[in-house]
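In: can't give you the sequence, but here's the structure:
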């Protein structure tokens, strides 16, 4: 079928939920393996556990929302969406990681 602007909220919502599910599973797996197998500290593993789902939700939401936004602005989504998404996800991912790390480290009694 054809997906039009009237489907935007439903598509974006479904993608965000998928991103949360995948990110949660990956966050649990990666942080557990990092901590138990690789010997990464508990506070760093906790940061990974919290950051991966957030970044996955951001990426999935943005990936589904940007094409709708491009069409609404009269732009070609095939040209703009991928570079814009990559840049935005990279920047927000790093910022999220550092903000979460700062909070988690303080909870563990550590200062950055």
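Out: Everything's here; your move. Because the structure is predicted, anything quoted here is derived from the model rather than measured.

In: Tally up the residues packed near residue 59, please.
Out: 22 (other Cβ atoms under 10 Å). Every C-beta, even on glycine, is put in place using the N, C-alpha and C of the backbone.

In: which non-adjacent residue is nearest it?
Out: residue 89 (4.8 Å; Cβ to Cβ, 6 or more residues apart in numbering).

In: How about residue 108?
Out: residue 43 is the one closest to residue 108 (Cβ to Cβ, 6+ apart), at 4.3 Å.

In: So for this protein, the centremost residue is which one?
Out: residue 55 (1.6 Å; Cα atoms, centre = their mean).

In: mind listing what that one touches?
Out: Shown in contact with residue 55 (Cβ atoms under 8 Å, 6 or more residues apart in numbering): 23, 89, 92, 93, 96, 97.

In: picking up where we left off before, pLDDT on the host helix or strand of the residue nearest to residue 108, on average?
Out: Applying DSSP states H and E as the criterion places residue 43 in helix 42-72. Averaged across helix 42-72, the pLDDT comes to 93.

In: List the buried residues of it.
Out: For helix 42-72, a neighbour-count test (16 or more other Cβ atoms under 10 Å) marks 43-68, 70 as buried.

In: same deal with stretch 24-32?
Out: Under 16+ other Cβ under 10 Å, the buried positions of stretch 24-32 are 26, 27, 30, 31.

In: Output the contacting helices and strands for the helix or strand containing residue 25.
Out: Per DSSP H and E, residue 25 falls inside helix 8-36. Counting contacts by 3 or more Cβ pairs under 8 Å, 6 or more residues apart in numbering; DSSP states H and E, helix 8-36 is packed against helix 42-72.

In: Work out the gap between the helix it packs on and the centre of the chain.
Out: 2 Å (Cα atoms, centre = their mean, to the nearest Å).
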